[in-house]
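J.: Dropping a prediction and its sequence here:
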Amino acid sequence: MGVTLPTPGTVLKALDAIPDPGGAPADWAGTPILIVRSGSTVRAYVNVCPHQGRPLCLPSGRALVSEGRFIVCPFHGASFELETGACVGGPAGKSVLTPAPVRVENGQVIAA
Ligand code: FES
């Protein structure tokens with residue numbers, strides 16, 4: 001599908017730099033990746049909304065996480081499950097965000 005994800009082991013961001021619940025872009029120069037968290041649940045997705053291809057975060061990098069469970073696209077309000085990336089409401093239909101596997105180790109979010 002042409003998306004290059006970070007090599008496993010790449011450090012993407014300090015966990016405590018990500019609002020909880022909330023999200024922030026990965027510190028990685030390749031394919032834009034948004035890391036989201038709610039408590040101990042941490043996920044990352046390619047930072048592109050399937051609706052119109054815009055980022056899933058605001059220009060400031062802040063991501064909207066509703067009820068600790070849903071990533072809400074700031075442009076037209078499509079909602080995606082934080083844990084699965086599945087669209088559950090709004091204009092993005094039955095799309096699913098492209099996952100970027102991550103793990104947390106020593107307070108860092110690392111590509112898995
Ligand atoms: S670009 Fe995300 S809902 Fe439209």
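T.: Arrived safely. Residues are numbered from 1 along each chain as shown.
J.: mind listing what the most centrally placed residue in the chain touches?
T.: The chain has L34 as the residue nearest its centroid, 3.4 Å off, counting by C-alpha atoms, centre = their mean. For L34, the contacting residues are 23-26, 44-47, 55-57, 63, 71, by C-beta atoms under 8 Å, 6 or more residues apart in numbering. The way it works is simple: take the backbone N, C-alpha and C, and place the C-beta from them, glycine included.
J.: Now do the closest residue to S66 other than its chain neighbours against G39, distance only.
T.: Sequence neighbours aside, V72 is the residue nearest to S66 in space, at 5.2 Å (criterion: C-beta to C-beta, 6 or more residues apart in numbering). As judged by C-beta to C-beta, to the nearest Å, V72 and G39 stand 18 Å apart.
J.: higher neighbour count, those two?
T.: V72 (18 against 8; other C-beta atoms under 10 Å).
J.: what sits against that one?
T.: Contacts of V72 (C-beta under 8 Å, 6+ apart): L64, V65, S66, A78, S79, F80, G90.
J.: quick one: pLDDT of it?
T.: Looking at V72, its pLDDT reads 98.
J.: need the residues of the chain near the ligand, please.
T.: C49, H51, Q52, R54, C73, F75, H76, G77, A78, G90, P91, A92 (C-beta under 6 Å from any ligand atom).
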